[in-house]
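[1] Provide a 3D model corresponding to the input given below.
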Amino acid sequence: MFTGIVEDLGKLLSRSSRGPGAQFRIATRLSPLVLGESIAVMGVCMTVHRILDGSFEADASAETLARSTLGGLSVGHSLHLERALAIGGRLGGHMVSGHVDGIGRLTRRTQTGEATELTFSCDQQLAPFLAVKGSVAVDGVSLTVNKVEPRCFGVTVIPHTQDKTMLGSMSIGTWVNLEADVLARYVARWLETRGEERGPSASSDDSLRSQLALSGYL
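    Here you go, the predicted structure:
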């Protein structure tokens, strides 16, 4: 698990084919690294399989390349990096699994004082898992959702986050990795299962769904 708090801005040094997937070499200041540890790369959980001087190598499966932006990043591109949460560590953002739900696109940016409001498009299937005041990970960065529409959502990026991530300089049209709050997914799945068991008379489940949505859990 991760928290969505970026620890380092790394760089993609190389990408090579590895069967249907790919092998990445990534420059980083994170140290010391351990073979087999998990690192979130632009919000995608990857496993360190080789440690080099100032960099590491990790593999991405064909599924990862298809569901994320990693396959389309050019060599030299900056990368958000975060090591897995240590037991006893601070949960400064929210619980992030590193399993990308889909990709979105930056459609609008508006300056509001020192903060920046960003609007991202998202798949219609992802929208039900987003809630105002809930959490979302964008390229591995934990953000609070300010608005939700059928095919887009908005967030506000504070100056500190702009300085420590690439969100402050992101151009309109940039594709990003999106991960909904894992708690929202489990709650939604539980409600779906309960509805299947109880049938169309499950009015109490509908009431609970409404309450959870208002509370920001769905």
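[2] So what's the gap between stretch 180-191 and the chain middle?
    In this view, stretch 180-191 has its centroid 15 Å away from the chain centroid, taken as CA atoms, centre = their mean, to the nearest Å.
[3] buried set for stretch 63-82?
    Residues T64, L65, R67, S68, T69, L70, L73, L79, H80, L81, E82 are the ones in stretch 63-82 that count as buried (16 or more other CB atoms under 10 Å). For glycine as for every other residue, the C-beta is placed from the backbone atoms N, C-alpha and C.
[4] Quick check: mean pLDDT of that stretch?
    The average pLDDT for stretch 63-82 rounds to 95.
[5] Put the alpha carbons of that stretch into PDB.
    The C-alpha trace of stretch 63-82 is given here as PDB (Å, rounded to 0.1, in the frame of the first residue of the first chain):
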ATOM      1  CA  GLU A  63      -1.800  -5.600 -18.700                       C
ATOM      2  CA  THR A  64      -0.100  -2.700 -16.900                       C
ATOM      3  CA  LEU A  65       1.000  -1.100 -20.200                       C
ATOM      4  CA  ALA A  66      -2.600  -1.400 -21.500                       C
ATOM      5  CA  ARG A  67      -4.200   0.100 -18.400                       C
ATOM      6  CA  SER A  68      -1.800   2.900 -17.600                       C
ATOM      7  CA  THR A  69       0.200   5.700 -19.300                       C
ATOM      8  CA  LEU A  70       3.600   4.000 -18.700                       C
ATOM      9  CA  GLY A  71       3.900   2.500 -22.200                       C
ATOM     10  CA  GLY A  72       3.500   5.900 -23.800                       C
ATOM     11  CA  LEU A  73       6.000   7.800 -21.700                       C
ATOM     12  CA  SER A  74       9.100   9.000 -23.600                       C
ATOM     13  CA  VAL A  75      12.700   8.400 -22.300                       C
ATOM     14  CA  GLY A  76      13.700  11.300 -20.100                       C
ATOM     15  CA  HIS A  77      10.100  11.800 -18.800                       C
ATOM     16  CA  SER A  78       9.900  12.800 -15.100                       C
ATOM     17  CA  LEU A  79       8.200  10.300 -12.800                       C
ATOM     18  CA  HIS A  80       6.400  10.500  -9.500                       C
ATOM     19  CA  LEU A  81       7.900   7.900  -7.200                       C
ATOM     20  CA  GLU A  82       6.800   6.600  -3.700                       C
END
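[6] Can you list the residue ranges for strands in this protein?
    Under the criterion DSSP state E, the chain contains strands at 8-18, 21-27, 38-41, 44-52, 55-60, 78-83, 102-112, 115-121, 135-138, 141-149, 152-157, 175-180.
[7] Minimum distance to G93: which of the ones you listed has it?
    strand 141-149 (2.9 Å; CB to CB).
[8] what pLDDT, on average, does the closest one get?
    Averaging pLDDT along strand 141-149 gives 95.
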